[in-house]
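Asks: fold the following.
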Amino acid sequence: MNLGKLLKQVAKGEVSAVDAENIMAAHGETNLGFARVDLDRLRRRGLAEVIFCPGKTADQIVCIMSALVAGGQNVLATRATPEQYAVVRQAHAQAVYHELPKAITLRMVEPGPPVGQVAVVCAGTSDIPVAEEAALTAEVMGARLERIYDVGVAGLHRVLNHVKTLQRSRAIVVVAGMEGALPSVVGGLVDRPIVAVPTSIGYGVNFKGLAALLAMLNSCAPGITVVNIDNGFGAGVAAALINRVGEPAA
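Replies: Numbers count the residues shown, from 1 in each chain. I've put the predicted structure just below:
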């Protein structure tokens with residue numbers, strides 16, 4: 001639906017206000033019975049509805065993707081299994097599976113050139129899958145990405161080598177498990193917004209990421225925002241929205 005064209009038709013008297021309201025309501029949602037696909041989210045939030053795959057059957061994922069495709073929107077499906085992707089690909093041959101973040105993308109609209117810069121930093125190689133979920137999400141939302149991986153505090157010099165890149169970024173996602181110290185270190189080096197992501201990587205009393213989560217929430221570096229354990233997607237959205245500040249509206 002071209003909202004601008006519809007409003008001009010209303011202004012010219014070619015479409016009544018009641019008919020316009022019905023058209024907008026019909027185009028804003030596709031009711032599949034088991035899911036109500038929000039086709040207006042792209043306009044409201046700048047990111048089309050994202051499919052969270054756990055708990056859904058492969059056929060349900062295909063149906064939701066088809067509704068988004070029919071609405072002319074790009075698709076991002078998170079936490080997808082290879083088995084789910086195999087079924088998706090039968091229906092949508094152009095769908096791409098991203099192994100590390102376990103995500104499926106399907107491009108219907110060519111994006112413009114990437115804007116700004118988001119840095120995604122992770123402490124250890126084991127944190128990369130969560131970091132890649134954040135990076136892929138921010139890329140889908142139009143951000144230019146810088147990846148800085150395996151720079152945890154066990155070798156502090158490694159992150160110090162990238163301070164200039166961090167300072168050039170509009171937003172920084174910092175991903176860490178174990179004791180979750182890396183966001184505090186980065187927060188003490190730069191004046192950029194930081195979104196911290198605790199991961200479930202660690203031994204025993206890491207408590208599947210709880211130790212890292214609490215450490216990040218108690219950071220002595222002010223201004224750090226913390227998302228939930230392993231929530232690379234949420235961090236990528238937050239960083240991409242920050243990255244858009246100052247960009248001209250589409």
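Asks: just give me the neighbour total for residue 67.
Replies: Number of residues near residue 67 (other C-beta atoms under 10 Å) recorded here: 21. For every residue, glycine as well, the C-beta is placed using N, CA and C.
Asks: which positions within the stretch of helix or strand it belongs to qualify as buried?
Replies: Under the criterion of DSSP states H and E, residue 67 resides in helix 58-70. Under the neighbour-count criterion of 16 or more other C-beta atoms under 10 Å, helix 58-70 has 58, 60-69 buried.
Asks: same check, this time on stretch 30-44
Replies: Residues of stretch 30-44 classed as buried: 30, 35, 37-42 (neighbour count, 16+ other C-beta under 10 Å).
Asks: hmm, who's touching it?
Replies: Under the criterion C-beta atoms under 8 Å, 6 or more residues apart in numbering, residues 3, 27-29, 47-49, 60, 63-64, 67-68, 70-71, 73 lie in contact with stretch 30-44.
Asks: one more time with 6 Å
Replies: Stretch 30-44 is contacted from outside by 28-29, 48-49, 63-64, 67, 71, 73, using C-beta atoms under 6 Å, 6 or more residues apart in numbering.
Asks: for the helix holding residue 67, list the C-alpha coordinates in CSV.
Replies: Below are the C-alpha coordinates for helix 58-70, written out as CSV (Å, rounded to 0.1, in the frame of the first residue of the first chain):
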residue,chain,number,x,y,z
ALA,A,58,8.1,-25.1,9.5
ASP,A,59,4.8,-24.8,7.7
GLN,A,60,3.8,-22.0,10.0
ILE,A,61,7.1,-20.2,9.3
VAL,A,62,6.5,-20.6,5.6
CYS,A,63,3.0,-19.1,5.8
ILE,A,64,4.2,-16.1,7.8
MET,A,65,7.0,-15.5,5.4
SER,A,66,4.6,-15.8,2.5
ALA,A,67,2.4,-13.1,4.0
LEU,A,68,5.4,-10.8,4.4
VAL,A,69,6.5,-11.5,0.9
ALA,A,70,3.0,-10.7,-0.5
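Asks: identify the farthest-apart pair in the buried residues of stretch 30-44.
Replies: In the buried residues of stretch 30-44, two members sit farther apart than any others by C-beta to C-beta. They are 35 and 42, at 16.6 Å.
Asks: helix or strand right after the helix or strand of the chain with the lowest mean pLDDT?
Replies: Least confident element among the helices and strands of the chain, by mean pLDDT, DSSP states H and E: helix 17-28 (a mean of 64). Next in sequence after helix 17-28, counting helices and strands by DSSP H and E, comes strand 29-31.
Asks: can you name the element that comes right after that following strand?
Replies: strand 36-38.
Asks: can you list the strands that that next one pairs with?
Replies: strand 29-31 (antiparallel) (DSSP bridges).
Asks: from the buried residues of stretch 30-44, which one has the minimum pLDDT?
Replies: Lowest in pLDDT among the buried residues of stretch 30-44 is residue 30, which has 84.
Asks: ok, what's across the strand from it?
Replies: Going by DSSP bridges, residue 30 forms beta bridges with residue 37.
Asks: which strand or helix spans residue 236?
Replies: helix 232-244.
Asks: helices or strands next to that helix in the packing?
Replies: The helices and strands touching helix 232-244, judged by 3 or more C-beta pairs under 6 Å, 6 or more residues apart in numbering; DSSP states H and E, are strand 115-122, helix 128-140, strand 171-176, strand 194-198.
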